[in-house]
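Participant: Provided below for reference: sequence and predicted model.
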Amino acid sequence: MHILIVEHNPAQSKLTRIALQERGAEVHCATALEPALECLLKLKIDVVLLDLALPDSPGIETFYQIRGKAPGIPIIIFTEQDDQNLALEAVKHGAQDYVLKNVVGDDSLFRCLQYAIERSRVELALRKSEERLRVILENSHDAFISMDSKWRITDWNTQAEKTFGWQKEEALGQSIASIIPHHLRKQYLHGLEEYFSKNSEEILKITNESFAVHSDGHEFPAEIGIFRIMEDSDYLFCAFVRDITARKKSNEELERLIEERSEKLMQSNEELRQFAKIASHDLQEPLRAVQGFANLLAESTKGKLEKDPSDFIDYILDGTQRMQDLIRSVLTHSQINSSDFGDYSTNCNSVIEEVLSNLNTSIQETEAYLEVDKLPQVAVERSQVVQLFQNLISNALKYRGSKTPEIYLKAEKSVDKWLFSVRDNSIGIDPKYSEKIFDMFARLHGKTSYPGSGMGLAICKKIVTSHGGDIWVESELGHGSIFLFTLPSVRKLRRKKMKDQIEILLVEDTPSDIRLTQEALKRSDLKYEMIVVNDGVEAMDYLNKLKESAGKTLPDIILLDLNMPKKNGHEVLDEIKNDSVLKKIPVVLLTVSQRDEDVMEALKLKMNYYIAKPVTAQKLAVLIKSIHELQTEKSDDTIAHSNEENHIRLVLAGNPHTSPIALTQLADDSNDRVRCRVAENAQVPQTLLAKLANDPSTEVRLGVSENLNVPASILELLAQDPSEDVRLGLAGNPRIPEHILKNLVNDENIHVSSSASKTLCQISAKS
């Protein structure tokens with residue numbers, strides 16, 4: 001620590017210097033203003049201890065002089081003048097402290113100097129940080145806006161002036177709503193306030209796309225990110241706004257180009273297929289004529305020609321035959337495309353029977369041995385599967401070399417596909433040609449050794465890849481080959497469009513949200529009828545009239561906004577869920593938030609599910625279909641579901657307000673996680689718990705064991721569960737009846753028995 005003492009009294013200066021040096025400081029002294037200023041210029045000084053009673057510059061002027069020469073060095077006034085006004089003025093203009101001589105002790109003075117240096121460093125760092133931040137914000141490509149807790153603008157950078165056309169002085173004090181078009185302001189501010197009011201985190205952020213407005217009145221699309229931070233006892237809001245007009249235009253142009261290119265590609269493919277058909281017919285017509293006359297010539301000259309002319313005729317016949325085979329292969333290849341992938345279900349076992357029948361002559365001639373595992377059903381048109389296996393097996397027979405052919409066919413399940421393998425003991429393939437062999441007209445051997453068109457494996461590849469699969473070979477010369485490929489598996493049931501019309505009640509008071517919901521439904525594939533009411537009172541009046549009217553059915557689903565006049569969504573929901581008739585109707589919350597915390601909060605309010613505003617056709621259709629299907633007694637849950645549908649089913653499975661009908665359907669879900677959520681649901685009927693206690697999934701049975709409402713009879717069953725994890729879960733649960741825990745103490749698994757013993761001890765200690 002380097003200290004400069006500016007003191008006119010030599011005795012006082014000496015005493016202070018000695019006291020500070022004893023505490024490890026390096027001290028310099030000056031008795032007047034001029035020497036003090038020279039020390040500040042020449043020496044490294046960390047802090048100045050200043051007396052205001054200097055002969056050449058008495059009073060507060062001394063402080064101003066030194067501060068002017070060394071603005072970054074902290075100054076502590078060290079004086080005998082007990083003047084409160086003087087002290088306030090000094091501190092107000094930058095003094096770190098005001099200390100009275102003969103009042104403060106040496107230790108306190110030293111600490112005061114240390115604190116002054118540290119505070120100065122912190123303030124300097126803060127100023128530099130603020131300056132850097134200001135430079136960054138002023139040079140940002142995004143408009144930066146800061147706001148107070150009332151959404152009033154407190155800062156506005158240069159880019160904001162360019163983006164919105166308002167000068168900083170004009171913007172300060174205005175509401176953030178001033179950058180939003182008039183027709184969207186109410187909804188936008190409402191959404192912001194609702195989002196931030198529901199979350200208590202000190203730092204919170206929301207980003208979305210909306211429309212902003214320029215000072216000249218034109219609107220433009222903008223990406224707006226707003227985050228909240230706690231400052232002192234109140235919140236500060238900061239927004240970064242980016243004009244995305246160019247990006248939107250670029251995306252639209254890109255989509256247009258992609259659409260045009262896709263259309264041209266489809267047209268080109270169709271023209272290519274038509275050409276292949278026409279060309280194959282036109283090419284084969286003269287070829288058949290050549291072949292026919294060549295055969296006539298061969299028959300009429302048989303035994304009459306010399307060897308060379310006879311060989312020439314044979315070459316003509318062989319060439320025309322190979323040309324016919326080649327044309328047929330090209331036509332077959334051109335006719336395979338991804339559009340062939342439909343609701344097919346082809347049994348590969350019957351396909352192999354047909355293939356073996358087709359190749360029966362070759363199999364008998366070569367005395368081939370074939371071993372075929374039980375094969376699955378695949379979602380590929382049958383003739384293509386026949387072509388695929390026939391090409392691979394005939395290749396194994398053709399390239400057998402001198403060995404008796406041995407061919408092995410297997411299939412293994414891989415997620416939603418089947419992995420097939422065709423292994424043989426043929427002459428094998430050099431690994432460097434493992435990709436080339438799937439090209440059109442690719443040949444590794446001469447026509448005299450192994451005849452063929454060179455299209456067989458190319459056709460195999462086209463069949464596999466057009467159905468989203470892969471095909472490859474593992475082989476070495478002289479050691480046989482293994483051809484592997486994947487084909488899509490068959491779903492147990494394929495989803496069909498809903499035939500029944502769905503009755504929807506929309507309770508919403510915002511015209512723009514009503515229109516968005518209507519448009520989303522129009523663009524979905526749902527058959528529906530929607531009734532719109534604008535507040536909670538209307539909604540309950542409408543529902544009660546339906547309930548009392550004979551022959552009128554209740555809505556299948558209610559879409560409910562929370563913030564409404566007269567009677568809000570919370571009150572409507574309470575009435576619905578407390579009514580023995582109306583509580584059966586699934587209620588979906590319309591919200592501006594997509595956070596998981598908000599979803600769970602909504603579920604606590606007895607909501608069945610939620611959907612984020614603005615609603616889209618895809619999300620709305622998936623949600624309504626999922627809920628409607630689960631409310632239907634005849635629903636079959638063997639259907640494979642998308643990720644979004646699975647998410648909906650997971651939430652509904654764990655929601656205590658989900659209807660028993662829906663829980664019954666979810667208990668049969670093919671997804672283990674969904675069944676596990678049902679098992680953990682405190683409101684699930686005991687008949688379902690008994691069923692899930694015998695579920696093949698360990699996780700599901702474990703979920704049952706942790707359910708608060710499981711009867712003792714089911715717990716006793718789970719205590720005998722073959723899974724140690726399930727028994728261990730029971731053993732560590734203090735809610736389990738003591739007689740079951742005592743049985744688990746004798747469990748053969750040491751972890752289960754020790755956990756049960758520990759739980760019993762805990763129960764005994766509490767009692």
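Facilitator: Cool, the structure landed.
Participant: what about Lys413, which helix or strand?
Facilitator: strand 406-414 (DSSP states H and E).
Participant: For that strand, give the mean pLDDT please.
Facilitator: The average pLDDT within strand 406-414 is 89.
Participant: what does it rub up against?
Facilitator: Contacts to strand 406-414, defined as Cβ atoms under 8 Å, 6 or more residues apart in numbering, come from residues 348, 352, 368-373, 375-376, 389, 393, 396-397, 418-425, 486, 489. To be clear about C-beta, it is placed using only N, CA and C from the backbone, and glycine gets the same treatment.
Participant: list the buried ones in it?
Facilitator: Within strand 406-414, the residues that count as buried by 16 or more other Cβ atoms under 10 Å are Glu406, Ile407, Tyr408, Leu409, Lys410, Ala411.
Participant: what does stretch 234-241 give?
Facilitator: For stretch 234-241, the neighbour count (16+ other Cβ under 10 Å) marks Leu236, Phe237, Cys238, Ala239, Phe240, Val241 as buried.
Participant: for stretch 732-750, same thing?
Facilitator: Of the residues in stretch 732-750, Gly732, Asn733, Ile736, Ile740, Leu741, Asn743, Leu744, Val745, Asp747 count as buried by neighbour count, 16+ other Cβ under 10 Å.
Participant: Let me have these in JSON lines, extended by distance to Pro586 and secondary structure.
Facilitator: Shown next, in JSON lines, are the buried residues of stretch 732-750 (distance: Cβ to Cβ, whole Å; DSSP: H, G, I helix; E, B strand; the rest coil):
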{"residue": "Gly732", "distance to Pro586": "36", "secondary structure": "coil"}
{"residue": "Asn733", "distance to Pro586": "33", "secondary structure": "coil"}
{"residue": "Ile736", "distance to Pro586": "34", "secondary structure": "coil"}
{"residue": "Ile740", "distance to Pro586": "37", "secondary structure": "helix"}
{"residue": "Leu741", "distance to Pro586": "40", "secondary structure": "helix"}
{"residue": "Asn743", "distance to Pro586": "42", "secondary structure": "helix"}
{"residue": "Leu744", "distance to Pro586": "40", "secondary structure": "helix"}
{"residue": "Val745", "distance to Pro586": "46", "secondary structure": "helix"}
{"residue": "Asp747", "distance to Pro586": "43", "secondary structure": "coil"}
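Participant: Of all the residues you listed, the one with the weakest confidence?
Facilitator: For the buried residues of stretch 732-750, the weakest pLDDT value sits at Asn733, with 79.
Participant: What count of nearby residues applies to Ala298?
Facilitator: Counted by other Cβ atoms under 10 Å, the residues lying close to Ala298 total 15.
Participant: quick one: it from Ile316, how far?
Facilitator: Separation of Ala298 from Ile316 (Cβ to Cβ, to the nearest Å): 9 Å.
Participant: Next: Asn102.
Facilitator: From Asn102 over to Ile316 the distance is 129 Å, taken as Cβ to Cβ.
Participant: neighbour count winner among these two?
Facilitator: Set Asn102 next to Ile316 and count neighbours by other Cβ under 10 Å: Ile316 wins out with 17 against 7.
Participant: how about the strands in the stretch 601-750 of the chain?
Facilitator: Using DSSP state E, counting those that start in this stretch, the strands of the stretch 601-750 of the chain run over 609-612.
Participant: Now name the helix or strand holding Cys238.
Facilitator: Cys238 belongs to strand 234-243, assigned by DSSP H and E.
Participant: for the following helix or strand past that strand, packing partners?
Facilitator: Next helix or strand after strand 234-243 toward the C-terminus (DSSP H and E): helix 245-300. Applying 3 or more Cβ pairs under 8 Å, 6 or more residues apart in numbering; DSSP states H and E, one finds that helix 245-300 contacts strand 219-231, helix 307-334.
Participant: what helices or strands is the shortest one leaning on?
Facilitator: Pointing back at strand 219-231 there. Applying 3+ Cβ pairs under 8 Å, 6+ apart, one finds that strand 219-231 contacts strand 204-213, strand 234-243, helix 245-300.
Participant: To Leu109, which of the ones you listed lies closest?
Facilitator: Among the helices and strands packed on strand 219-231, the nearest to Leu109 by Cβ to Cβ is strand 234-243 (37.9 Å).
Participant: so the closest one versus strand 204-213, what angle?
Facilitator: Inter-element angle recorded for strand 234-243 and strand 204-213: 50 degrees (by axes from the mean of the first three to the mean of the last three Cα atoms, to 10 degrees).
Participant: just how off-centre is strand 234-243 within its chain?
Facilitator: How far strand 234-243 lies from its chain's middle: 25 Å, per Cα atoms, centre = their mean, to the nearest Å.
Participant: Could you tell me the angle between it and strand 219-231?
Facilitator: Using the same axes, to 10 degrees: strand 234-243 against strand 219-231 is 150 degrees.
Participant: average pLDDT for the helix or strand following the strand holding Lys413?
Facilitator: Counting by DSSP H and E, the next helix or strand C-terminal to strand 406-414 is strand 417-424. For strand 417-424, mean pLDDT is 91.
Participant: can you check stretch 10-20 too?
Facilitator: Here stretch 10-20 scores 87 as its mean pLDDT.
Participant: Flag every buried residue along it.
Facilitator: Gln12, Ser13, Thr16, Arg17, Ala19, Leu20.
Participant: between those, which is closest to Lys691?
Facilitator: So of those, ranked by how close each gets to Lys691 (Cβ to Cβ), first place is Leu20, at 83.6 Å.
Participant: Give the pairing partners of the helix or strand Leu484 falls within; include direction for each.
Facilitator: Assigned by DSSP H and E, Leu484 falls within strand 481-488. Note on strand 481-488: by DSSP bridges, its sheet partners are strand 417-424 (antiparallel), strand 471-475 (antiparallel).
Participant: Now tell me what touches the longest one from outside.
Facilitator: Contacts of strand 417-424 with the rest of the structure, by Cβ under 8 Å, 6+ apart, involve 375-376, 378, 389, 392-393, 396, 400, 405-413, 468-469, 480-489.
Participant: filter these to the buried ones?
Facilitator: Judged by 16+ other Cβ under 10 Å, buried ones among the contacts of strand 417-424: 375-376, 378, 389, 392-393, 396, 400, 405-411, 469, 480-481, 483, 485-489.
Participant: Give me the phi and psi angles of Leu100.
Facilitator: Leu100 adopts backbone torsions of phi -90, psi 130, taken as degrees, to the nearest 10.
Participant: is it in a bridge, and if so with what?
Facilitator: For Leu100, the beta-bridge partners under DSSP bridges are Thr79.
Participant: can you count the residues close to it?
Facilitator: 14.
Participant: wait, isn't it in contact with Glu80?
Facilitator: Yes: Leu100 lies in contact with Glu80 (Cβ atoms under 8 Å); the separation is 6.9 Å.
Participant: residues in contact with Leu717?
Facilitator: Residues in contact with Leu717 (Cβ under 8 Å, 6+ apart) are Ala693, Asn694.
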